[in-house]
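Visitor: Following is a predicted model, sequence given first.
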Amino acid sequence: MDDQPSYESFKKILDSMRLEYNIVRVEDLLYKAVKNLQERINPPQINGSTVENLETTLSTSIELKCKKHGNKFICYEYDIEMLFGKEFLIHKYDIKKEGILFRKIHHIHTNYIKKERIECHSDSQNLPYKIECTKYSDNSSFELFNPRQSKSFIEDTKNPTIDIFYILNPEVKELTYMDKYYTTIKASAFMDLGEPKKNPEINKYGNRFEYYTRRFNVTMTWH
């Protein structure tokens, strides 16, 4: 009997698995946004050059304003912002001729970086269940998904964020006084597809949670 895990240790393992599951849900969802945004950007076409993909990143900010009703949190307001970044390394090759009859030839190799940025935004007051994006290079606007996909994306972003909050704060369900107050949950996520994924480092202190794998990093706070 003494060798059997206690209820507390079993619950800790279970909570860790649930936490990882919900973070992966967010990661998979944001990767879907990255794939969609990449289709909006064409590699530069420059004569006499080759183009190399250098960096693909997505920074995401999520803010939820919620209130406890019974055993559930209902989020009345949300704000989601995403900044997509794509960098290309361009190798340009030129030939310069000098001298009599241009017999002297110089091969010139120049490297430079071209950056593209797309900013996307949705919020419950001004853009409910729409994700509007702006491409920096030409200031063009577009919607990231169709209306049905946008609603699904936003709900699928909110739900695991709330679940993570619950896992980190199990006592919330028992605190009846919280029914009278709003709780603001803020989460920021950074995805870098050029980085390898390592075993996660997880930290929680006070009202702050951190999850770090190099490829996908999350910070969450609440008050």
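Guide: On my side now, so go ahead. Numbering: from 1, shown residues only.
Visitor: isn't N36 right next to F142, touching?
Guide: No. Using C-beta atoms under 8 Å, N36 is not in contact with F142, being 10.3 Å away. (C-beta placed from N, C-alpha, C; glycine too.)
Visitor: the more surrounded of these two?
Guide: Using other C-beta atoms under 10 Å as the criterion, N36 and F142 rank with N36 on top: 17 against 12.
Visitor: and the helix or strand harbouring D28, what other elements does it pack with?
Guide: If you go by DSSP states H and E, D28 is part of helix 7-38. Helices and strands touching helix 7-38, as assessed by 3 or more C-beta pairs under 8 Å, 6 or more residues apart in numbering; DSSP states H and E, comprise strand 49-69, strand 72-98, strand 104-123, helix 147-168, strand 182-192, strand 216-222.
Visitor: Provide the strand pairings for whichever helix or strand comes after the fifth one, with the direction of each partner.
Guide: This points to strand 182-192. Sequence order places strand 201-205 as the next helix or strand after strand 182-192, per DSSP H and E. Strand 201-205 pairs in its sheet with strand 208-212 (antiparallel), by DSSP bridges.
Visitor: Compute the inter-axis angle for the strand it pairs with and helix 7-38.
Guide: Relative orientation of strand 208-212 versus helix 7-38 (axes from the mean of the first three to the mean of the last three C-alpha atoms, to 10 degrees): 70 degrees.
Visitor: Return the worst-scoring helix or strand of the chain on mean pLDDT as CSV; C-alpha atoms alone will do.
Guide: Lowest on mean pLDDT, DSSP states H and E among the helices and strands of the chain sits strand 104-123, with a mean of 81. C-alpha atoms of strand 104-123 as CSV (Å, rounded to 0.1, in the frame of the first residue of the first chain):
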residue,chain,number,x,y,z
LYS,A,104,38.2,42.2,-66.8
ILE,A,105,35.2,40.6,-65.2
HIS,A,106,34.2,40.9,-61.6
HIS,A,107,31.6,38.6,-60.0
ILE,A,108,29.7,40.5,-57.3
HIS,A,109,27.7,38.6,-54.6
THR,A,110,25.5,40.7,-52.3
ASN,A,111,23.3,39.4,-49.5
TYR,A,112,20.4,41.3,-48.0
ILE,A,113,17.3,40.5,-46.0
LYS,A,114,13.7,41.3,-47.0
LYS,A,115,11.0,41.4,-44.3
GLU,A,116,7.3,41.0,-44.5
ARG,A,117,4.8,41.6,-41.7
ILE,A,118,1.1,41.0,-41.3
GLU,A,119,-0.9,42.2,-38.3
CYS,A,120,-4.3,40.6,-37.4
HIS,A,121,-6.9,41.6,-34.9
SER,A,122,-10.2,40.6,-33.5
ASP,A,123,-12.2,41.9,-30.5
